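[1] Model the following, please.
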Amino acid sequence: MQRVSDLLNHKGRDIWSLTPDATVFEALEEMARKRVGALLVMEGERLVGIFSERDYARKVILLGKSSRKTRIREIMSRSVVCARPDLTVEESMALMTEKRVRHLPVVVEKRVVGVISIGDVVRSLIEDQEVHIQELTDYITGGSPSR
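    Next comes the predicted model:
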């Protein structure tokens with residue numbers, strides 16, 4: 001059973017972040033450059049929030065705010081749902097579903113060690129299911145094991 005730490009080992013532990021004083025426009029530029037849907041908001045090593053495409057749509061566009069004038073601290077999500085590296089992929093999916101989030105910072109002793117997305121979780125689950133299907137197919141047909 002795969003764990004969040006396995007996902008991070010596979011995808012990497014890059015952490016894309018910005019400070020609370022960055023503008024929404026700067027955040028959007030960074031998200032486009034990194035091709036991600038969310039950025040962590042950090043004060044030094046401390047996680048203070050998260051900014052996502054959802055925050056932009058609901059708290060900037062719909063309220064008629066200016067992306068170039070609005071600071072991240074004004075609209076970031078302050079209550080950040082986090083995961084531990086020992087959480088299973090299935091547990092992380094359940095957490096994301098329950099809390100209605102698409103990105104989970106992975107934290108060890110209040111230190112961010114990586115970030116996983118719903119895409120990472122789904123990809124892992126699909127790969128795991130493909131292995132199980134192949135193993136069952138091999139068992140049923142008497143073929144050689146895939147491993």
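[2] pLDDT weak spots in this protein?
    Residue ranges of the chain with pLDDT under 70: 143-147.
[3] how about the helices in it?
    Assigned by DSSP state H, the helices in the chain fall at 4-11, 24-34, 53-56, 72-75, 89-99, 118-141.
[4] could you dump these to CSV with distance to Glu109?
    In this view, the C-beta of every residue, glycine as well, is placed from N, C-alpha and C. What follows is those, written out as CSV (distance: least, Cβ to Cβ, whole Å):
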stretch, distance to Glu109
helix 4-11, 14
helix 24-34, 26
helix 53-56, 27
helix 72-75, 25
helix 89-99, 19
helix 118-141, 22
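[5] For Arg111, which of those helices is the nearest?
    Among the helices of the chain, the nearest to Arg111 by Cβ to Cβ is helix 4-11 (13.4 Å).
[6] picking up where we left off before, distance to Cys82 and mean neighbour count for the helices of the chain - can I get that in JSON lines?
    Shown next, in JSON lines, are the helices of the chain (distance: least, Cβ to Cβ, whole Å; neighbours: other Cβ atoms under 10 Å):
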{"stretch": "helix 4-11", "distance to Cys82": "10", "mean neighbour count": "18"}
{"stretch": "helix 24-34", "distance to Cys82": "20", "mean neighbour count": "16"}
{"stretch": "helix 53-56", "distance to Cys82": "17", "mean neighbour count": "17"}
{"stretch": "helix 72-75", "distance to Cys82": "19", "mean neighbour count": "17"}
{"stretch": "helix 89-99", "distance to Cys82": "9", "mean neighbour count": "16"}
{"stretch": "helix 118-141", "distance to Cys82": "14", "mean neighbour count": "13"}
